[in-house]
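Asker: Sequence and predicted structure, then a few things I'm wondering about:
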Amino acid sequence: MKYLFLILISFLFMSCASKTNQKSLHNKKITQNYQSKSNTNLSRSLNNFYNEYKGVSYKYGGNTKKGLDCSSFVQKAYKQALNIQIPRSTYYQAKIGKYISKNSLKMGDLVFFRPSAKYRHVGIYLENGKFMHVSASKGVKISFLNNVYWKKHYWKSKRLLK
């Protein structure tokens, strides 16, 4: 009986380990597949996503085309355009990836802003100083990082893609 219990426990740990390894291999595969995409394909994927959502209005907590917030927009863009799952909230999105300097931004990087002590905002860097995001007043749009407002409230940038 004692040996049967030990065998069952061992089997349980082995099956959990294989699931973890499969998930790790899956994430590695996504990254490798993504790395092989050219900037043209990345640009096309992000632009297609932007065109699909362009003008959709801002709605705090929203995650549909009837209205969405900035973190939902970024999460959907990464999932739909890049096939990468990221957290839902700006708070958790800001915790993942690698810190990069503002002058090292590449297409697909996340750009974060802190307009107030409580409020955070996120967008996806495109190129030439532009990023796409959901504006509270204009909905899904493209803005410039050097805009007076965004420049003043810039917080940090993170790279999730290699």
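Answerer: Thanks, I have the structure now. Numbering: from 1, shown residues only.

Asker: low-scoring stretches of the protein, by residue?
Answerer: Applying pLDDT under 70 to the chain picks out residues 1-38.

Asker: now the helices: where do they sit in it?
Answerer: In the chain, helices defined by DSSP state H lie at 2-35, 39-53, 70-82, 90-93, 148-153, listed in chain order.

Asker: Domain map for this protein?
Answerer: 1-36, 38-159 (automatic domain parsing).

Asker: which of those domains sits most buried?
Answerer: Most buried of the domains of the chain, by mean neighbour count (mean count of other CB atoms under 10 Å): domain 38-159, with a mean of 16. C-beta coordinates here come from the backbone N, C-alpha and C atoms, glycine included.

Asker: roughly how far out does that domain sit from the chain middle?
Answerer: Between the mean C-alpha point of domain 38-159 and the mean C-alpha point of its chain there is a distance of 8 Å (CA atoms, centre = their mean, to the nearest Å).

Asker: next one: stretch 154-162
Answerer: In terms of CA atoms, centre = their mean, the centre of stretch 154-162 is set 9 Å apart from its chain centre.

Asker: I would like the residues contacting it, please.
Answerer: When contacts are defined by CB atoms under 8 Å, 6 or more residues apart in numbering, stretch 154-162 is touched by residues 31, 34-35, 42, 78, 82, 84, 86, 93-94, 96-102, 104-106, 108-114, 120, 125, 145.

Asker: In contact with the spatially closest residue to residue 67 that is not a sequence neighbour, which residues are there?
Answerer: In space, not counting the residues next to it along the chain, residue 67 is nearest to residue 59; the distance is 2.7 Å by CB to CB, 6 or more residues apart in numbering. By CB under 8 Å, 6+ apart, the contact set of residue 59 is 66, 67, 68, 69.
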